[in-house]
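**Q** prediction below, plus the sequence it came from.
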Amino acid sequence: MIRSLSLPIFAGLFLTTGCVVEDPVGNQNPSPQFDGGALSLDAGPPPSFCETLGLNERPFDSTAPSVLQRRQPAGDFTVPTIASGTFILSERWTGCETYLFMPHNTTISDLDNNTVWSVADGIPRLIEKSPRNAHYFFVVTGRDSPGTRAAVQAMQGRIDDAIVNMDDTDREHWKSHLHVVSQASRALEGLVDDMFKSDVARFGFAIDRFQRLRGLGNLAAVDAHNAQLQAQERWPWERRLYGLAYEAQYFNFEMTREERLETQDVTLVSVLGGDVIEQFEEATINLPDASTMAGFDTLEIDILMECPNREAAEPSNCGPWDYLAHFWLWDEGTESWLEAARFITTYHRESRWVVDASHALAWLQEGGERRVKYEWAPAWNKQPTAVTASLRLYNQGKGMRPQEIFPLFGTHGFNPSINDREPVAVDLPADLGKVELVAITTGHGMEAQNCAEFCRHSHHYTVGNETFVQAFNEPGDQSQCAENSGEGTVPNQWGTWWFGRGG
């Protein structure tokens, strides 16, 4: 584990207010007042599907993909289904749903060549974990044959069995969201056939809520460990269908994040433009002038990491290892790199992170030209990656901004000397608005039986007479990261991505 500590100083007033709920002035829909007479209310049109889920709608985009790559526009598609007739996306577009296409040729494991479709509780567990705005299409890839026809009929039977005892509302919902495509992919025309002939859809593909093409990941399940596989030194976790639901959860997270970003009045500073880089890249950026910088109280760093070959599947294309990644600022005064933010790279999958690094505003308040560096792989094992990075500067109305940072203990690994720290005295100005203790803590590394990553640990910081505790209790929960797919964990990585980590 690597830990760095700093103490930033904020200037300005810090105000808090209570919250009183009342009809606001000018409310055009006040609570109805009853006078004993008949009440006539115009109920208006019924809510749309998206409104019932509390989701915003986006218009349909007919733009077809110019190339079959991840994040290209998907356009329209048409497929025949066994239970619900011909599905045409443009005709069933709601504006808030996702569409995932699962091929039949994904096997249960290296020792079991049966399709993952055939696992007994596959559909019930998929439904259990799935958000209600996800459509799943089960597609036999390749050419039609008696075997493929039997496969689709068997899959439809599994779906029917899974929903038969549901109440009417749930049964109709999942009947309209679980689709078995009645023809093999080569008998289809258009997007679905084209995608399954591409390597991007080697493990399946999806259309996210932005109506963009996406690849699907590894469906290995943490609760499907097979001792026989481990004894033969193979990947010991079998695949399960419910992993598809993690993809759908993550697509919802991405839309929620983007809707938040779209509402902000932001000054964007471009850092890296998407070129493929092996290990790190330095860049010179131009910040607004000092007076403009003084108007910002928030800094976010936005990092998109894509596989170098956008037309190939992600495994063995994106970097395979979960390495520490750092965003550095060059300090001319000390001639050293200052850490503004830290990330962990994914196992074989693309990722995007938007993190708050507002403490670093204290290092940037002069504005103008600055050197920065983004680094994500060691020199001995480089990971070529297409990186897009930018700074997001804006004002949240906090009433204060970081103005000065007092370094405390620097960067140290998680080892027997971690607690060998002498107290540090900091001479604080008298006119403070706020003081924050900032700790960037990540559990990572192979030493001491991976304890930084997979042991529970806590960190105690005493300021004056008060002690603040940063505790990591996630280790030991085998599926903690997986169950956070709807909160930003990149799902279905090719690795032990499910396990809770210490930092």
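**A** All right, it came through fine.

**Q** can you give me the strands in the stretch 301-450 of the chain?
**A** Residue ranges of the strands in the stretch 301-450 of the chain, as given by DSSP state E, counting those that start in this stretch, are 324-331, 336-344, 351-356, 367-375, 385-394, 400-413, 434-435, 438-442.

**Q** nearest to residue 233, out of the ones you listed?
**A** Closest to residue 233 of the strands of the stretch 301-450 of the chain is strand 336-344 (Cβ to Cβ; 26.4 Å). In short, each C-beta sits where N, CA and C put it, glycine included.

**Q** partners of that closest one, with directions?
**A** Taking DSSP bridges as the criterion, strand 336-344 forms sheet pairs with strand 324-331 (antiparallel).

**Q** break this protein down into its structural domains.
**A** The chain breaks down by automatic domain parsing into domains covering 2-12+266-487, 78-254.

**Q** now do the longest helix anywhere in the chain: which elements does it pack against?
**A** Counting residues, the longest helix in the chain under DSSP state H turns out to be helix 243-262. Helices and strands touching helix 243-262, by 3 or more Cβ pairs under 8 Å, 6 or more residues apart in numbering; DSSP states H and E, are strand 98-103, helix 122-129, strand 134-139, strand 351-356.

**Q** which residues does the following helix or strand past the first one contact?
**A** Counting by DSSP states H and E, the next helix or strand C-terminal to strand 98-103 is strand 107-109. Here strand 107-109 makes contact (Cβ atoms under 8 Å, 6 or more residues apart in numbering) with 113-116, 118-119, 226, 229, 234-235, 238-239.

**Q** for strand 107-109, the distance to its chain's centre please.
**A** 26 Å (Cα atoms, centre = their mean, to the nearest Å).

**Q** now do the buried residues in it.
**A** Of the residues in strand 107-109, those scored as buried under the neighbour-count criterion (16 or more other Cβ atoms under 10 Å) are 108-109.

**Q** quick check: mean pLDDT across the next helix or strand after that strand?
**A** Note on strand 107-109: by DSSP H and E, the next helix or strand toward the C-terminus is strand 112-115. Averaging pLDDT along strand 112-115 gives 96.

**Q** if we go by neighbour counts, what in strand 112-115 is buried?
**A** Neighbour counts over strand 112-115 (16+ other Cβ under 10 Å) mark 112, 115 as buried.

**Q** then stretch 175-185?
**A** Buried residues in stretch 175-185, counted by 16+ other Cβ under 10 Å: 177-185.

**Q** and the two most separated of the residues you listed?
**A** 177 and 184 (21.8 Å).

**Q** where does the stretch 301-450 of the chain have low pLDDT?
**A** Across the stretch 301-450 of the chain, residues meeting the criterion (pLDDT under 70) sit at 445-448.

**Q** same list, the helices and strands packed on helix 243-262, but as TSV with mean neighbour count and distance to residue 274 please.
**A** Written out in TSV, the entries for the helices and strands packed on helix 243-262 read as follows (neighbours: other Cβ atoms under 10 Å; distance: least, Cβ to Cβ, whole Å):
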stretch	mean neighbour count	distance to residue 274
strand 98-103	24	25
helix 122-129	19	33
strand 134-139	24	29
strand 351-356	16	12
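
**Q** can you tell which of these is closest to residue 480?
**A** If we rank those by Cβ to Cβ, the stretch that ends up nearest is helix 122-129, at 14.7 Å.

**Q** got the phi and psi for residue 159?
**A** Listed backbone geometry of residue 159 is phi -70, psi -50, with angles given as degrees, to the nearest 10.

**Q** which residue, other than its chain neighbours, is closest to it?
**A** Leaving aside its sequence neighbours, residue 159 sits nearest to residue 178 (Cβ to Cβ, 6 or more residues apart in numbering; 4.9 Å).

**Q** parallel or antiparallel, list what pairs with the helix or strand that contains residue 285.
**A** Secondary structure assignment for residue 285, by DSSP H and E: strand 280-289. Pairing partners of strand 280-289, with direction, according to DSSP bridges: strand 367-375 (antiparallel).

**Q** compute the inter-axis angle for the strand it pairs with and strand 385-394.
**A** Between strand 367-375 and strand 385-394, the angle formed by their directions is 140 degrees, by axes from the mean of the first three to the mean of the last three Cα atoms, to 10 degrees.

**Q** residues contacting strand 367-375, please?
**A** By Cβ under 8 Å, 6+ apart, the list of residues contacting strand 367-375 from outside reads 271-272, 279-290, 292-293, 303, 325-330, 337, 340, 364, 387, 389.

**Q** what do you get for stretch 67-76?
**A** Surrounding stretch 67-76, the residues in contact under the criterion Cβ under 8 Å, 6+ apart are 61-66, 88-90, 190-191, 194-195, 198, 200, 207, 211-215, 306-307, 310-311, 350.

**Q** please apply the same query to stretch 223-233.
**A** Contacts of stretch 223-233 from elsewhere in the structure, counted by Cβ under 8 Å, 6+ apart, are 109-111, 235-240, 478-479.

**Q** what of stretch 159-178?
**A** Residues external to stretch 159-178 that are found in contact with it (Cβ under 8 Å, 6+ apart): 83-84, 123-124, 127, 132, 134-136, 138, 180.

**Q** stretch 383-393: how far from the chain's middle?
**A** Offset of stretch 383-393 from its chain centre (Cα atoms, centre = their mean): 15 Å.

**Q** for it, buried residues please.
**A** For stretch 383-393, by 16+ other Cβ under 10 Å, it's 383-393.

**Q** dump that stretch to PDB, keeping only the CA atoms.
**A** As requested, C-alpha coordinates have been extracted for stretch 383-393 and formatted as PDB (Å, rounded to 0.1, in the frame of the first residue of the first chain):
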ATOM      1  CA  GLN A 383       0.600  -1.400 -20.900                       C
ATOM      2  CA  PRO A 384      -0.100   0.400 -24.200                       C
ATOM      3  CA  THR A 385      -3.300   2.400 -23.700                       C
ATOM      4  CA  ALA A 386      -5.300   5.100 -25.500                       C
ATOM      5  CA  VAL A 387      -5.600   7.800 -22.900                       C
ATOM      6  CA  THR A 388      -7.900  10.900 -23.000                       C
ATOM      7  CA  ALA A 389      -7.500  13.200 -20.000                       C
ATOM      8  CA  SER A 390      -8.800  16.600 -19.000                       C
ATOM      9  CA  LEU A 391      -9.200  18.900 -16.000                       C
ATOM     10  CA  ARG A 392     -12.700  20.100 -15.000                       C
ATOM     11  CA  LEU A 393     -12.600  23.500 -13.200                       C
END
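
**Q** quick check, nearest of the contacts of strand 107-109 to residue 402?
**A** Within the set of the contacts of strand 107-109, residue 235 lies nearest residue 402; the separation is 45.6 Å, counting by Cβ to Cβ.

**Q** state the number of residues packed around that closest one.
**A** By other Cβ atoms under 10 Å, 15 other residues sit near residue 235.

**Q** give me the number of residues near residue 172?
**A** Each residue near residue 172 was counted by other Cβ under 10 Å, and the total is 12.

**Q** can I get the helix or strand harbouring it in CSV, CA atoms only?
**A** For residue 172, the enclosing helix or strand under DSSP H and E is helix 168-175. The C-alpha atoms that make up helix 168-175 are tabulated as CSV, following Å, rounded to 0.1, in the frame of the first residue of the first chain:
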residue,chain,number,x,y,z
ASP,A,168,-48.8,-10.1,-13.9
THR,A,169,-46.8,-6.9,-13.9
ASP,A,170,-43.4,-8.5,-13.4
ARG,A,171,-44.2,-11.4,-15.8
GLU,A,172,-45.2,-9.0,-18.6
HIS,A,173,-42.2,-6.8,-18.0
TRP,A,174,-39.6,-9.6,-18.2
LYS,A,175,-41.4,-11.2,-21.1
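
**Q** from the chain's centre, how far out does the helix or strand just after it sit?
**A** Past helix 168-175, further along toward the C-terminus, the next helix or strand under DSSP H and E is strand 178-180. Taking Cα atoms, centre = their mean, one finds strand 178-180 lying 26 Å from the centre of the chain it belongs to.
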